[in-house]
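*Asks:* dropping a prediction and its sequence here:
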Amino acid sequence: MDAHKSTMEYMEEGDSYDEDSTKLYEESVILVMKNQEIEFKRISKIFTIIDLSRNKFEGKIPEVIGNLNSLRILNLSRNNLTGHIPVEMMNMSMLEALDLSFNQ
């Protein structure tokens, strides 16, 4: 395998088994997006979603947020953020959804 290519790694399987002796995951996560629930049976080890909504953050969006280049979804809605979207966010090439609604 190429050392520069990454493979998706998931949380370890649990020690539980179902009636068919299939190993079960102890953890799962439900993502609600646009009033639609999606259940993930496996959880990725890398952060791909960060929800920082409703935290009363003030001021501009920090430029260092552009370093989070493995993010797929970033929610900064319902804070009191002001100013422009930092140009450094162009580095977030994996980003699929960005919610900045209900800010200044």
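*Replies:* Happy to help now that I have it.
*Asks:* right, and the helix or strand after the least confident helix or strand in the chain by mean pLDDT?
*Replies:* Taking mean pLDDT, DSSP states H and E as the measure, the chain has strand 29-33 as its least confident helix or strand, at a mean of 71. Where DSSP states H and E defines the elements, the next helix or strand beyond strand 29-33 is strand 36-40.
*Asks:* pairing partners for that next one, with directions?
*Replies:* Paired neighbours of strand 36-40 in the sheet (DSSP bridges): strand 29-33 (antiparallel).
*Asks:* domain-wise, how is this structure divided?
*Replies:* Domain ranges of the chain: 9-44, 46-99, per automatic domain parsing.
*Asks:* and those domains, which one's lowest on average pLDDT?
*Replies:* By mean pLDDT, the lowest-scoring of the domains of the chain turns out to be domain 9-44, with a mean of 61.
*Asks:* mind putting the domains of the chain in a markdown table, mean neighbour count included?
*Replies:* (C-beta placed from N, C-alpha, C; glycine too.) Shown next, in a markdown table, are the domains of the chain (neighbours: other C-beta atoms under 10 Å):
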| stretch | mean neighbour count |
| --- | --- |
| domain 9-44 | 10 |
| domain 46-99 | 14 |
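*Asks:* can you show me the strands along the chain?
*Replies:* Along the chain, counting by DSSP state E, strands occupy 29-33, 36-40, 49-51, 58-59, 73-75, 80-81, 97-99.
*Asks:* name the residues that touch the first one?
*Replies:* Okay, so that is strand 29-33. 37, 38, 39, 40, 43, 49, 73, 97 (C-beta atoms under 8 Å, 6 or more residues apart in numbering).
*Asks:* would you mind pulling the contact partners of stretch 60-79?
*Replies:* Residues contacting stretch 60-79 (C-beta under 8 Å, 6+ apart): 33, 46-58, 81-103.
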